[in-house]
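Chemist: The following block contains a protein sequence and its predicted model.
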Protein chains: 2
Amino acid sequence: MAVDTARRAYRRLLERSRELAQLRGIMAALRWDEQLNLPRAAAPHRARELAYLARLLHQKATGKRMGAILSELAGVDFPPDSAEAANLRLLARQYERLAKIPPSLMSRLAHAATLGQSVWAAARRRADFALILPQLSRLVALRRKMAACLGWQDEPYDALLQNYDPEYTTRQVEAIFSVLKAELVPLLAALAGAPQRPDGELLRVDFPLERQQVFGRAVAVSLGFDFDRGRLDTSLHPFCEALNPGDCRMTTRYDSRWFPEGFYGIVHEVGHGLYEQGLPESAYGTPLGETVSYGMHEAQSLLWENLVGRSLAFWKHFFPRAQQVFPEALLHVSLEDFHFAVNEVRAQPIRVDADEITHNLHVLMRFEVERDLISGRMEAADVPSAWNEKSRQYLGIAPENDGEGCLQDIHWFEGLFGTFPSYALGSVYAAQIFAAAARALPELEEDFARGRFLPLRDWLCENIYRHGRRYDARQLVQRICGGEVDAGALVRYLKAKYLPLYGLA
Amino acid sequence: MAVDTARRAYRRLLERSRELAQLRGIMAALRWDEQLNLPRAAAPHRARELAYLARLLHQKATGKRMGAILSELAGVDFPPDSAEAANLRLLARQYERLAKIPPSLMSRLAHAATLGQSVWAAARRRADFALILPQLSRLVALRRKMAACLGWQDEPYDALLQNYDPEYTTRQVEAIFSVLKAELVPLLAALAGAPQRPDGELLRVDFPLERQQVFGRAVAVSLGFDFDRGRLDTSLHPFCEALNPGDCRMTTRYDSRWFPEGFYGIVHEVGHGLYEQGLPESAYGTPLGETVSYGMHEAQSLLWENLVGRSLAFWKHFFPRAQQVFPEALLHVSLEDFHFAVNEVRAQPIRVDADEITHNLHVLMRFEVERDLISGRMEAADVPSAWNEKSRQYLGIAPENDGEGCLQDIHWFEGLFGTFPSYALGSVYAAQIFAAAARALPELEEDFARGRFLPLRDWLCENIYRHGRRYDARQLVQRICGGEVDAGALVRYLKAKYLPLYGLA
């Protein structure tokens, strides 16, 4: 094909890609608004609006025009390391995957998800799994169909997993997680019987909401979040929604008598936000302006929340400031006791309240359940018994009822399967990436203690953010750490931190 | 055409109409968000998103599919008074008008409007008309083109006027306004020399913002606004944006030392909101579920703001409550002095600060200027001198500079021409409608004094809201008042209220 023709086709491809990004940005604005501002009676209208835009997006992403542009470019060899080659490869892959899904399956899923969401709230409140079993069975059946449409290597779950972390098969994830399981279950048990315990009660006193907001916002600025290009608000569940390069919106929720709730909500979402704000703006609307995967996104939030935000060096800088803002609560508390308290490890049934060790185990058991569900080795009706069995095995406890057991997360009941592994993959990446950053920036801890967090932010930008999707998650880890994705760094980090803290080393 | 085929075509027409309404609702959500939540750097992105959706909307409203459905239905005779006949007539009219506008003209206008908006802010701040003259000339030229595309009866301005108030030609508006001019200019002069003057200073004391919010919200509930289907927020300029039947969003702005600013912002927007919330929900997405015209919409807001919210009966109920909420400001003020103060009439240069008499005169002079601009009797460069001349003639004062003269409203500088008459038509309708309501509901004043506003709301719903666009504004006035649209009722209302208040009768 003539160079000019190829260039024109490529330009049309990027135009289409930018149009899709713009539609996704519009949907993100409506989702954010839905969580924060929606009057009660507007919920069904918003659901229809989002379904309409999702249909439009799917049509445009899989339509004849997109197909024609991609066929025009099929024979073109851009230089292998060029932006053109990367964008073309990633857009062609996205087109091929999406085009395999019949629109009718999409609408049936969207409809079943809406139903599932609405029944879930009641089922959870009443701890009544039977109430939602029909919806769950239907969603599992539809997702199995989707896996069949998409195709898979080892087992059907591969197909759904790859919606979020495209670099993996189920078996590869299992191999990484088996190390975590072997190491973290005994570590949790050891900490449960440790000679030293933190005093969590010192965080359960009055932290006035307005001051929490002011303090959290100041910390977000210190970590490098740009409020000219973003916001921080309050919502029922913390989240981060990037509308476009100028508009990254984070939320948290505050508890006036439990400091970590609001604060670590912010630090976690700042991690997501820094990634979004660090993407190259000039590549907006193309794969090179997008984040890599759910796992790599979660790695950024967990890195800032846990490896930075729960470190002693972080609090060396911020604790005196926190004491000024919350004198009644903190003036008579020592830095060491405070640091220990924000690192309390305790097996309890609720994932979103879990510490950084237990959270991985919560994720692992969900991975095993959803994998068996999608791959057909388990039926929806068996979820509660499998859940409770795995909970005993991983956490050493069983939930009191299904409300705080298998009904606690909305994911499955709105039809999301394959997304849980991202959380644990993220913590694995975060430990590997942070270890590499600490090698590259030998003054990292001194920097933190002096309130300097931008060197780390800039290093992450240089090594991860600015590349967009040029490299996938495993390639990024390889480039940064010089090795494969490996749970070893996470295990080493957790042991090095928690064994001494709990008096076990 | 067979009845079945016609019914199918009509069903497809309504589906398309609902799709267009949904797109407009999505745009309304983004506009609301733009006014309230947008980070600084996101403004150009939001402008592109809205332009994209406007293009999509125009395509779908004028596309081949819409044309085909309408031709299928062209020969069908639905019963003349049926919903089908009304919907078909109104959708066909909309299609014909929109299809006359070439997409290229739409994009050139959108582009010029964006430029105009951005230059306007600086021009107004510096009171420098020359700075924005090129943009204004361009916008006038493009709007003259649009008038030529749309076609007109008496003069080009007809075509733009009918974007907002489709029932009128320029001459018909002029006939109504000439009565206002003849009556209100001398009335304003008489009041300026009146023996009694209100004490406006008693509203210029401390009214704490949080308490203004609580009080305003309570009043909105009393007037019948349903907060399950809407919101009230704060923004730079008050507005009301209806996203869909479940989501009507009003805003106001507060001044902690000027009570009327925030309060009458709310009552005005509640008037718009009640109209939106009173539309028949089952007709959502079709003309029979839409409001009639800009003028009729403004009639609702002005009716509640002025004829209800500035009446003595209204304050008989609410003043004791306001005294409880703002004891420092109001405990030693009498009901009569307070009522007189919220009805202060004073010629001053700024329209948005104008009282209910002067506001009409502000509108009339803008109508004359924009009419001459669009119909080609005046060029953009002549706007300041024409403005200042008319200001002396109508208001008896000239602005100190163009910043508080012809640059004060953004309308023209974002390319809007033909919308000013709606404000004065609205006040004409409001007086006629209110007079009819008072005849139909003889206890109206007693009701107000006892805090009962729902009888009026329900009467307006019965006579106006629930009809959607089944009748146009003039037909509604005819049905309600048994006569033509006529400025007489407004003049009589204003004289009956203000002459005694100012000691002139």
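Modeler: Alright, I've got the coordinates. Numbering: from 1, shown residues only, chains lettered A, B, ... in the order given.
Chemist: make it CA atoms for all contacts and neighbour counts henceforth
Modeler: OK.
Chemist: doesn't A:Glu356 make contact with A:Asn306?
Modeler: Yes: with contact defined as Cα atoms under 8 Å, A:Asn306 reaches A:Glu356; the gap is 7.1 Å.
Chemist: Remind me which helix or strand A:Arg231 belongs to.
Modeler: Taking DSSP states H and E as the definition, A:Arg231 sits inside strand A:230-234.
Chemist: Please write out the alpha-carbon positions of that strand in CSV.
Modeler: Coordinates of each C-alpha in strand A:230-234 appear next as CSV, following Å, rounded to 0.1, in the frame of the first residue of the first chain:
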residue,chain,number,x,y,z
GLY,A,230,-9.2,16.8,39.0
ARG,A,231,-11.4,16.7,42.1
LEU,A,232,-11.9,15.0,45.4
ASP,A,233,-15.4,14.4,46.7
THR,A,234,-17.4,12.2,49.0
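Chemist: taking the mean pLDDT, what do you get for the following helix or strand past that strand?
Modeler: For strand A:230-234, the following helix or strand on the C-terminal side (DSSP H and E) is strand A:240-244. Average pLDDT, strand A:240-244: 97.
Chemist: Sheet partners, orientation included, of strand A:240-244?
Modeler: Applying DSSP bridges to the sheet, strand A:240-244 is found paired with strand A:247-252 (antiparallel).
Chemist: pLDDT below threshold where in chain A?
Modeler: Applying pLDDT under 70 to chain A flags the ranges A:1.
Chemist: ok, the most centrally placed residue in it - contacts?
Modeler: For chain A, the residue nearest the mean C-alpha position is A:Glu298 (3.7 Å; Cα atoms, centre = their mean). The contact partners of A:Glu298, taken as Cα atoms under 8 Å, 6 or more residues apart in numbering or on different chains, are A:His272, A:Ser422, A:Tyr423, A:Gly426, A:Ser427.
Chemist: In what element of secondary structure is the third one found?
Modeler: Assigning secondary structure by DSSP H and E places A:Tyr423 in helix A:420-440.
Chemist: roughly how far out does the biggest helix by length in chain A sit from the chain middle?
Modeler: If you go by DSSP state H, chain A has its longest helix at helix A:3-37. In terms of Cα atoms, centre = their mean, to the nearest Å, the gap separating the centre of helix A:3-37 from the centre of its chain is 22 Å.
Chemist: where's the nearest residue to A:Leu139 once chain neighbours are set aside relative to A:Arg46, distance?
Modeler: Among residues not flanking A:Leu139 along the chain, A:Gly415 sits closest, at 5.4 Å (Cα to Cα, 6 or more residues apart in numbering or on different chains). According to Cα to Cα, to the nearest Å, A:Gly415 and A:Arg46 sit 18 Å apart.
Chemist: Any idea which residue of the stretch 201-350 of chain A lies closest to chain B?
Modeler: A:Gly246 (4.3 Å; Cα to the nearest Cα).
Chemist: tell me the contacts of that residue?
Modeler: By Cα under 8 Å, 6+ apart, the neighbours of A:Gly246 are A:Asp228, A:Arg229, A:Gly230, A:Gln277, B:Pro39, B:Arg40, B:Ala41, B:Ala42, B:Ala43, B:His45.
Chemist: picking that back up, would you mind checking the contacts of A:Glu298 for buried ones?
Modeler: Using 16 or more other Cα atoms under 10 Å in any protein chain shown as the burial test, the contacts of A:Glu298 include A:His272, A:Ser422, A:Tyr423, A:Gly426, A:Ser427 as buried.
Chemist: out of the residues you listed, which one sits closest to A:Leu395?
Modeler: Comparing the buried ones among the contacts of A:Glu298 against A:Leu395 with Cα to Cα picks out A:Tyr423 as the nearest, at 17.1 Å.
Chemist: Does the helix holding A:Tyr423 pack against any helices or strands, and if so which?
Modeler: helix A:294-302, helix A:358-375, helix A:473-481, helix A:488-501 (3 or more Cα pairs under 8 Å, 6 or more residues apart in numbering or on different chains; DSSP states H and E).
Chemist: So what touches the longest one?
Modeler: Applying Cα under 8 Å, 6+ apart, the set of residues contacting helix A:358-375 from outside is A:140, A:143-144, A:155-157, A:177, A:180-181, A:184-185, A:188, A:345-347, A:351-352, A:378-380, A:383, A:386-387, A:390-391, A:394-395, A:417-418, A:420-421, A:423-424, A:427.
Chemist: that older thread, which strands and helices sit next to the strand holding A:Arg231?
Modeler: Strand A:230-234 makes packing contacts with strand A:247-252 when contacts are defined by 3+ Cα pairs under 8 Å, 6+ apart.
Chemist: after the strand it packs on comes which helix or strand?
Modeler: helix A:259-278.
Chemist: just curious, which of the buried ones among the contacts of A:Glu298 is nearest to B:Arg439?
Modeler: A:His272 (62.4 Å).
Chemist: Quick check: that closest one touching A:Gly295?
Modeler: No: using Cα under 8 Å, A:His272 is not in contact with A:Gly295, being 11.3 Å away.
Chemist: which residue does the stretch 1-150 of chain A bring closest to chain B?
Modeler: A:Ala42 (4.3 Å).
Chemist: got a list of contacts for stretch A:385-394?
Modeler: A:181, A:185, A:349, A:361-362, A:365-366, A:369, A:397-399, A:405-406.
Chemist: For PyMOL, write a command that selects the buried ones of the residues you listed.
Modeler: Applying 16+ other Cα under 10 Å to the contacts of stretch A:385-394 leaves a buried subset, and the PyMOL line that selects it is:
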select buried, chain A and resi 181+185+349+361+362+365+366+369+398+399+405+406
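Chemist: so can I have CSV of the contacts of stretch A:385-394 showing distance to B:Leu136?
Modeler: Output for the contacts of stretch A:385-394, formatted as CSV (distance: Cα to Cα, whole Å):
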residue, distance to B:Leu136
A:Lys181, 69
A:Val185, 72
A:Pro349, 65
A:Leu361, 65
A:His362, 63
A:Met365, 65
A:Arg366, 62
A:Val369, 65
A:Ile397, 72
A:Ala398, 71
A:Pro399, 69
A:Gly405, 65
A:Cys406, 63
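Chemist: Please work out how many residues are found near A:His79.
Modeler: Rather than His, residue A:79 is Pro. Counted with other Cα atoms under 10 Å in any protein chain shown, the neighbours of A:Pro79 add up to 10.
Chemist: Since that was my last question, I'll sign off now.
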